[in-house]
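Participant: Build the 3D model from these lines:
(one chain, ligands or ions: 1)
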Amino acid sequence: MSANATRAVGVDIGGTGIKGAVVDLSTGELLTDRIKVPTPRGAEPDDVLGAVREVLQRLEVSDAADVPLGVAFPAIVKNGRTLSAANVSDSWIDFEAETFFENGLGRQIHFANDADVAGVAEMRYGAAQGRDGLVILTTLGTGIGSAMIYNGVLIPNSELGHVHRAKHGKDAEAWAAYSAMERDELSWPEWAERLQWYYSHIEFLFSPDLFIVGGGVSKHSDKFLPLLDLKTDIVPAVHRNNAGIIGAAALALAGERRGILDDTTEDLADRTAH
Ligand code: BGC
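Facilitator: Numbers count the residues shown, from 1 in each chain. Presented below is the predicted three-dimensional model:
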(Lines give C-alpha, C1' and ligand atoms only; values in the text may rest on other atoms or scores of the structure.)
Protein backbone atom coordinates (compact mmCIF):
# COMPACT_ATOMS: atom_id res chain seq x y z
CA MET A 1 0.00 0.00 0.00
CA SER A 2 1.41 3.34 -1.01
CA ALA A 3 2.30 5.85 1.68
CA ASN A 4 2.46 8.39 -1.17
CA ALA A 5 -1.16 7.93 -2.12
CA THR A 6 -3.00 11.15 -2.76
CA ARG A 7 -6.44 9.71 -2.21
CA ALA A 8 -8.01 7.05 -0.07
CA VAL A 9 -11.45 5.67 0.62
CA GLY A 10 -13.01 6.30 4.02
CA VAL A 11 -15.98 4.30 5.30
CA ASP A 12 -17.64 5.33 8.54
CA ILE A 13 -19.87 2.69 10.10
CA GLY A 14 -22.38 4.27 12.47
CA GLY A 15 -25.34 3.12 14.53
CA THR A 16 -27.82 4.35 11.91
CA GLY A 17 -25.88 4.80 8.66
CA ILE A 18 -22.80 3.56 6.83
CA LYS A 19 -21.18 6.38 4.88
CA GLY A 20 -18.28 6.45 2.49
CA ALA A 21 -16.41 8.63 0.01
CA VAL A 22 -13.10 8.97 -1.76
CA VAL A 23 -11.00 11.61 0.01
CA ASP A 24 -8.23 13.90 -1.21
CA LEU A 25 -5.53 13.31 1.37
CA SER A 26 -3.73 16.58 0.83
CA THR A 27 -6.77 18.71 1.64
CA GLY A 28 -9.22 16.35 3.39
CA GLU A 29 -11.88 17.19 0.80
CA LEU A 30 -14.30 14.63 -0.58
CA LEU A 31 -13.56 13.75 -4.21
CA THR A 32 -16.86 11.92 -4.71
CA ASP A 33 -20.41 12.25 -3.50
CA ARG A 34 -20.94 10.85 -0.05
CA ILE A 35 -22.65 7.46 -0.32
CA LYS A 36 -24.85 6.48 2.60
CA VAL A 37 -26.74 3.24 3.23
CA PRO A 38 -28.74 2.47 6.36
CA THR A 39 -27.00 0.34 8.99
CA PRO A 40 -28.76 -3.05 8.74
CA ARG A 41 -31.19 -3.76 11.59
CA GLY A 42 -29.38 -5.50 14.42
CA ALA A 43 -26.00 -4.61 12.86
CA GLU A 44 -24.77 -8.21 12.71
CA PRO A 45 -21.27 -8.60 11.21
CA ASP A 46 -22.35 -10.30 7.95
CA ASP A 47 -25.03 -7.68 7.29
CA VAL A 48 -22.68 -4.80 8.04
CA LEU A 49 -20.08 -6.33 5.72
CA GLY A 50 -22.73 -6.53 2.98
CA ALA A 51 -23.58 -2.86 3.50
CA VAL A 52 -19.90 -1.84 3.35
CA ARG A 53 -19.61 -3.80 0.08
CA GLU A 54 -22.57 -1.86 -1.27
CA VAL A 55 -20.97 1.46 -0.35
CA LEU A 56 -17.72 0.44 -2.10
CA GLN A 57 -19.62 -0.72 -5.20
CA ARG A 58 -21.54 2.52 -5.39
CA LEU A 59 -18.27 4.43 -5.05
CA GLU A 60 -16.89 2.22 -7.86
CA VAL A 61 -13.84 1.29 -5.81
CA SER A 62 -14.63 -2.37 -5.09
CA ASP A 63 -11.71 -3.52 -7.23
CA ALA A 64 -9.37 -0.65 -6.45
CA ALA A 65 -7.14 -2.51 -3.98
CA ASP A 66 -4.35 0.00 -4.68
CA VAL A 67 -6.44 2.82 -3.18
CA PRO A 68 -6.04 2.67 0.62
CA LEU A 69 -9.25 1.92 2.50
CA GLY A 70 -9.94 3.02 6.06
CA VAL A 71 -12.93 1.74 7.99
CA ALA A 72 -14.22 3.38 11.16
CA PHE A 73 -16.42 1.52 13.63
CA PRO A 74 -18.47 2.61 16.69
CA ALA A 75 -16.70 0.47 19.29
CA ILE A 76 -13.45 0.13 21.18
CA VAL A 77 -10.91 -1.10 18.63
CA LYS A 78 -7.71 -2.62 19.95
CA ASN A 79 -5.27 -4.32 17.58
CA GLY A 80 -8.02 -4.79 15.01
CA ARG A 81 -10.37 -6.37 17.53
CA THR A 82 -13.67 -4.81 18.54
CA LEU A 83 -14.05 -5.00 22.32
CA SER A 84 -17.45 -3.38 22.85
CA ALA A 85 -20.82 -2.97 21.17
CA ALA A 86 -22.99 -0.10 22.36
CA ASN A 87 -25.22 0.50 19.34
CA VAL A 88 -24.45 -2.61 17.26
CA SER A 89 -24.91 -6.35 17.75
CA ASP A 90 -23.19 -7.99 20.72
CA SER A 91 -21.47 -10.29 18.21
CA TRP A 92 -18.86 -7.55 17.82
CA ILE A 93 -17.66 -7.90 21.42
CA ASP A 94 -14.23 -9.55 21.35
CA PHE A 95 -14.37 -10.02 17.61
CA GLU A 96 -11.51 -10.02 15.08
CA ALA A 97 -13.28 -7.32 13.11
CA GLU A 98 -10.38 -6.06 11.00
CA THR A 99 -9.56 -9.57 9.79
CA PHE A 100 -13.26 -10.23 9.22
CA PHE A 101 -13.53 -7.18 6.94
CA GLU A 102 -10.24 -7.94 5.19
CA ASN A 103 -11.34 -11.49 4.42
CA GLY A 104 -14.83 -10.41 3.42
CA LEU A 105 -13.63 -7.58 1.17
CA GLY A 106 -10.62 -9.47 -0.15
CA ARG A 107 -8.25 -6.61 0.56
CA GLN A 108 -6.28 -4.91 3.29
CA ILE A 109 -8.02 -2.23 5.33
CA HIS A 110 -7.16 0.08 8.22
CA PHE A 111 -9.58 -0.13 11.07
CA ALA A 112 -10.22 2.18 14.07
CA ASN A 113 -12.83 3.74 16.34
CA ASP A 114 -15.18 6.20 14.58
CA ALA A 115 -14.73 9.11 17.00
CA ASP A 116 -10.96 8.65 17.11
CA VAL A 117 -10.71 8.95 13.34
CA ALA A 118 -13.00 12.01 13.42
CA GLY A 119 -10.50 13.47 15.87
CA VAL A 120 -7.66 12.67 13.46
CA ALA A 121 -9.58 14.43 10.66
CA GLU A 122 -10.15 17.56 12.73
CA MET A 123 -6.54 17.50 13.93
CA ARG A 124 -5.22 17.20 10.43
CA TYR A 125 -7.68 19.25 8.39
CA GLY A 126 -10.05 21.00 10.77
CA ALA A 127 -10.81 22.69 14.07
CA ALA A 128 -7.93 21.09 16.03
CA GLN A 129 -5.26 21.98 13.46
CA GLY A 130 -2.30 23.56 15.22
CA ARG A 131 -4.03 23.48 18.62
CA ASP A 132 -1.87 22.53 21.56
CA GLY A 133 -3.05 21.30 24.92
CA LEU A 134 -5.96 18.93 25.35
CA VAL A 135 -8.59 18.86 22.63
CA ILE A 136 -11.66 16.71 23.21
CA LEU A 137 -13.84 15.97 20.20
CA THR A 138 -17.23 14.49 20.87
CA THR A 139 -19.63 13.15 18.27
CA LEU A 140 -23.31 13.56 19.11
CA GLY A 141 -25.25 10.93 17.18
CA THR A 142 -26.79 7.57 18.01
CA GLY A 143 -24.26 7.47 20.85
CA ILE A 144 -21.62 9.88 22.07
CA GLY A 145 -18.15 9.17 20.75
CA SER A 146 -14.98 10.86 21.93
CA ALA A 147 -11.44 11.51 20.80
CA MET A 148 -8.84 12.95 23.15
CA ILE A 149 -5.87 14.66 21.53
CA TYR A 150 -3.05 16.06 23.62
CA ASN A 151 -0.50 18.27 21.84
CA GLY A 152 -1.47 16.60 18.57
CA VAL A 153 -1.22 13.07 19.93
CA LEU A 154 -4.36 10.95 19.94
CA ILE A 155 -5.09 8.96 23.09
CA PRO A 156 -7.29 6.25 21.53
CA ASN A 157 -10.48 4.58 22.77
CA SER A 158 -11.45 7.18 25.36
CA GLU A 159 -15.19 6.25 25.35
CA LEU A 160 -16.37 9.40 27.14
CA GLY A 161 -19.97 8.75 26.07
CA HIS A 162 -20.06 6.07 28.74
CA VAL A 163 -19.37 8.17 31.81
CA HIS A 164 -22.22 7.73 34.26
CA ARG A 165 -24.62 10.22 35.70
CA ALA A 166 -24.41 9.99 39.45
CA LYS A 167 -27.48 8.24 40.91
CA HIS A 168 -28.88 7.46 37.47
CA GLY A 169 -26.81 4.39 36.68
CA LYS A 170 -27.06 5.10 32.95
CA ASP A 171 -24.44 6.09 30.42
CA ALA A 172 -24.25 9.76 29.49
CA GLU A 173 -24.99 8.90 25.87
CA ALA A 174 -28.39 7.44 26.81
CA TRP A 175 -29.25 10.86 28.27
CA ALA A 176 -27.44 13.38 26.10
CA ALA A 177 -26.74 11.90 22.63
CA TYR A 178 -28.67 13.34 19.69
CA SER A 179 -30.70 10.11 19.63
CA ALA A 180 -31.90 10.97 23.19
CA MET A 181 -33.11 14.36 21.95
CA GLU A 182 -35.09 12.66 19.19
CA ARG A 183 -36.36 9.86 21.42
CA ASP A 184 -37.53 12.24 24.16
CA GLU A 185 -38.76 14.85 21.65
CA LEU A 186 -36.72 17.60 23.32
CA SER A 187 -36.55 21.21 22.19
CA TRP A 188 -33.07 22.66 21.57
CA PRO A 189 -33.04 24.38 25.01
CA GLU A 190 -34.17 21.16 26.73
CA TRP A 191 -31.45 19.18 25.01
CA ALA A 192 -28.92 21.92 25.76
CA GLU A 193 -29.64 21.45 29.49
CA ARG A 194 -28.55 17.84 29.19
CA LEU A 195 -25.50 18.87 27.16
CA GLN A 196 -24.69 21.46 29.81
CA TRP A 197 -24.52 18.70 32.39
CA TYR A 198 -22.45 16.50 30.08
CA TYR A 199 -19.85 19.02 28.98
CA SER A 200 -19.53 20.53 32.48
CA HIS A 201 -18.81 17.06 33.82
CA ILE A 202 -16.22 16.30 31.14
CA GLU A 203 -14.72 19.76 31.64
CA PHE A 204 -14.40 19.10 35.37
CA LEU A 205 -12.79 15.70 34.78
CA PHE A 206 -10.24 16.71 32.14
CA SER A 207 -9.85 20.53 32.05
CA PRO A 208 -9.54 20.54 28.25
CA ASP A 209 -8.39 23.49 26.15
CA LEU A 210 -10.94 23.00 23.39
CA PHE A 211 -14.12 21.01 22.79
CA ILE A 212 -15.07 20.11 19.23
CA VAL A 213 -18.59 18.88 18.52
CA GLY A 214 -19.11 16.52 15.59
CA GLY A 215 -21.89 14.29 14.36
CA GLY A 216 -24.72 15.13 11.98
CA VAL A 217 -26.35 17.56 14.41
CA SER A 218 -23.22 19.75 14.41
CA LYS A 219 -24.65 21.44 11.30
CA HIS A 220 -27.26 22.93 13.67
CA SER A 221 -24.66 23.91 16.26
CA ASP A 222 -25.97 27.51 16.32
CA LYS A 223 -29.15 26.14 17.95
CA PHE A 224 -27.43 24.63 20.98
CA LEU A 225 -23.76 25.59 21.40
CA PRO A 226 -24.56 29.24 22.28
CA LEU A 227 -26.82 27.96 25.07
CA LEU A 228 -23.91 26.25 26.84
CA ASP A 229 -22.02 27.97 29.62
CA LEU A 230 -18.50 26.51 29.84
CA LYS A 231 -15.03 27.78 30.65
CA THR A 232 -13.69 25.94 27.63
CA ASP A 233 -14.18 27.05 24.01
CA ILE A 234 -16.61 24.76 22.24
CA VAL A 235 -16.80 24.77 18.43
CA PRO A 236 -18.43 22.61 15.75
CA ALA A 237 -16.28 20.16 13.80
CA VAL A 238 -15.18 21.82 10.56
CA HIS A 239 -15.95 18.60 8.72
CA ARG A 240 -19.24 18.02 10.53
CA ASN A 241 -20.53 14.53 9.87
CA ASN A 242 -17.85 13.81 7.24
CA ALA A 243 -15.05 13.84 9.81
CA GLY A 244 -15.34 10.05 10.29
CA ILE A 245 -15.00 9.39 6.54
CA ILE A 246 -12.10 11.80 6.20
CA GLY A 247 -10.28 10.49 9.27
CA ALA A 248 -10.75 6.86 8.22
CA ALA A 249 -9.23 7.72 4.84
CA ALA A 250 -6.37 9.66 6.47
CA LEU A 251 -5.60 6.69 8.66
CA ALA A 252 -5.54 4.42 5.62
CA LEU A 253 -2.86 6.65 4.13
CA ALA A 254 -0.64 5.90 7.07
CA GLY A 255 -0.15 2.43 5.57
CA GLU A 256 -0.39 0.88 8.96
CA ARG A 257 -2.32 -2.19 10.03
CA ARG A 258 -2.48 -1.89 13.79
CA GLY A 259 -4.18 1.43 14.26
CA ILE A 260 -3.43 5.03 14.90
CA LEU A 261 -0.86 4.50 17.64
CA ASP A 262 1.68 2.87 15.36
CA ASP A 263 1.60 5.30 12.46
CA THR A 264 4.95 5.41 10.72
CA THR A 265 4.46 7.71 7.76
CA GLU A 266 5.68 11.23 8.19
CA ASP A 267 2.29 12.93 7.90
CA LEU A 268 0.82 11.40 10.99
CA ALA A 269 3.95 10.18 12.71
CA ASP A 270 4.96 13.60 13.91
CA ARG A 271 1.48 14.24 15.30
CA THR A 272 0.76 10.85 16.78
CA ALA A 273 2.11 8.67 19.59
CA HIS A 274 4.14 5.52 19.06
C1 BGC B 1 -19.39 3.71 21.33
C2 BGC B 1 -18.14 4.40 20.86
C3 BGC B 1 -18.46 5.21 19.62
C4 BGC B 1 -19.63 6.13 19.86
C5 BGC B 1 -20.03 6.91 18.63
C6 BGC B 1 -20.50 4.72 21.53
O7 BGC B 1 -21.65 4.09 21.96
O8 BGC B 1 -19.14 3.04 22.56
O9 BGC B 1 -17.12 3.47 20.60
O10 BGC B 1 -17.31 5.95 19.25
O11 BGC B 1 -20.75 5.41 20.31
O12 BGC B 1 -20.38 6.07 17.59
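Participant: C-alpha only now, for contacts and for neighbours.
Facilitator: Fine.
Participant: who in the chain is up against the ligand?
Facilitator: Proximity of the chain to the ligand (C-alpha under 6 Å from any ligand atom) is limited to residues 14, 74-76, 86-87, 113-115, 143-145, 159.
Participant: which residues are in contact with stretch 175-187?
Facilitator: For stretch 175-187, the surrounding residues in contact (C-alpha atoms under 8 Å, 6 or more residues apart in numbering) are 140-144, 173-174, 191, 194-195, 198, 217.
Participant: now the residues you listed in TSV, with secondary structure, neighbour count and pLDDT?
Facilitator: Output for the contacts of stretch 175-187, formatted as TSV (DSSP: H, G, I helix; E, B strand; the rest coil; neighbours: other C-alpha atoms under 10 Å; pLDDT from 0 to 100):
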residue	secondary structure	neighbour count	pLDDT
Leu140	strand	25	97
Gly141	coil	23	94
Thr142	coil	23	92
Gly143	coil	26	95
Ile144	strand	25	97
Glu173	helix	24	96
Ala174	helix	18	95
Trp191	helix	21	98
Arg194	helix	18	97
Leu195	helix	22	98
Tyr198	helix	22	97
Val217	helix	18	95
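Participant: Show me where the stretch 101-250 of the chain dips below the pLDDT cut-off.
Facilitator: For the stretch 101-250 of the chain, no stretch is flagged by pLDDT under 70.
Participant: What segments of it are helices?
Facilitator: With DSSP state H, counting those that start in this stretch as the criterion, the stretch 101-250 of the chain has helices at 114-125, 172-176, 178-183, 188-206, 221-224, 243-253.
Participant: circling back to that earlier point, any chance of a PyMOL selection covering the buried ones in the residues of the chain next to the ligand?
Facilitator: The buried subset of the residues of the chain next to the ligand, as determined by 16 or more other C-alpha atoms under 10 Å, is captured in PyMOL by this line:
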select buried, resi 14+74+75+76+86+113+114+115+143+144+145+159
